[in-house]
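Chemist: got a sequence here, can you build the structure:
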Amino acid sequence: MQAVEVPYTDAFKAQMVKRMMGPSAVNASTLARQVGVSQPTLSQWLRAANRVAAMTPPSDEKKFAPPAGPKKWTPEEKVRVLAAAQELKGEELGALLRGEGLHEAQLREWQQAAAGALSGTASEPLPAKERKRLAAAEKRVKELERELHRKEKALAETAALLVLEKKLRWQIWPEPGVLPL
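Modeler: Next up, the predicted model:
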């Protein structure tokens, strides 16, 4: 039995592609459940739209526009996003992050900073130079601790040998008037 292809209008296809792209994008599987179009069909439309977009030359406006840098977040905006993300998980969290233009790692960093600020242990992130210096100092401390442990072990071994030597010497040549240990 051969599948019957349902004709969809270009406007409908464009609307579905638009819903699968951009900051509040929905994945093809979710959209398929919502609108009743198969996921492979939606994915095919999205791939075709991406091919067309890749072949379309950029407009003159886009050619001369300076590249946009990362967004500068105000503390108020960070708190708003943290509050919105507090109870979200999975797809809902992903949708929020896409909508805000954030990565999950950045959100976790903000959560840790907020928790540190509330507990009174917050500090500004260390610059790269300071982090390197701190890492080198931690490495040196570990090396010194290993060396100290090795020397303490050697000292204990030496002390035990001295006690044994003293006992042996007394067994071989007892001193007159001295009681054995």
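Chemist: can you tell me how far residue 157 sits from residue 145?
Modeler: Look at residue 157 and residue 145: by CB to CB, to the nearest Å, they are 19 Å apart. All C-beta spots, glycine's among them, are computed from the backbone N, C-alpha and C.
Chemist: likewise residue 53?
Modeler: Taken as CB to CB, the spacing of residue 53 relative to residue 145 amounts to 58 Å.
Chemist: what do you get for residue 125?
Modeler: Where residue 145 is concerned, residue 125 sits at a distance of 27 Å (CB to CB).
Chemist: so for the residue positioned nearest the centre of the chain, what's the pLDDT?
Modeler: Centrality entry for the chain: nearest residue to the mean C-alpha point is residue 105, 4.5 Å, by CA atoms, centre = their mean. The confidence metric pLDDT takes the value 84 at residue 105.
Chemist: and for residue 127?
Modeler: According to the predicted model, the pLDDT of residue 127 comes to 83.
Chemist: now do the contacts for it.
Modeler: If you count contacts by CB atoms under 8 Å, 6 or more residues apart in numbering, residue 127 has none.
Chemist: phi and psi next, for it.
Modeler: In terms of degrees, to the nearest 10, the main-chain angles of residue 127 are phi -70, psi 160.
Chemist: so for residue 70, what pLDDT did the model give?
Modeler: Reading off the per-residue confidence, residue 70 sits at a pLDDT of 68.
Chemist: with the one 5 residues further on instead?
Modeler: The per-residue pLDDT reported for residue 75 equals 82.
Chemist: kindly report the same for residue 29.
Modeler: On the pLDDT scale, residue 29 gets 86.
Chemist: over to the one 3 residues further on?
Modeler: The per-residue pLDDT reported for residue 32 equals 86.
Chemist: ok, the one 4 residues further on next?
Modeler: We have a pLDDT of 84 for residue 36.
Chemist: quick one: neighbours of it, just the number.
Modeler: Counted with other CB atoms under 10 Å, the burial measure for residue 36 works out to 8 neighbours.
Chemist: just residue 99 next, same as before
Modeler: For residue 99, the neighbour count with other CB under 10 Å is 14.
Chemist: how far does stretch 139-155 sit from the chain's center?
Modeler: Its chain's C-alpha centre lies 33 Å from the corresponding centre of stretch 139-155 when counted by CA atoms, centre = their mean, to the nearest Å.
Chemist: so where is the chain shaky, pLDDT-wise?
Modeler: 1-6, 56-70, 120-124, 176-181 (pLDDT under 70).
Chemist: can you pull out the helices in it?
Modeler: Along the chain, counting by DSSP state H, helices occupy 10-19, 28-35, 39-55, 60-64, 75-85, 90-100, 104-119, 128-172.
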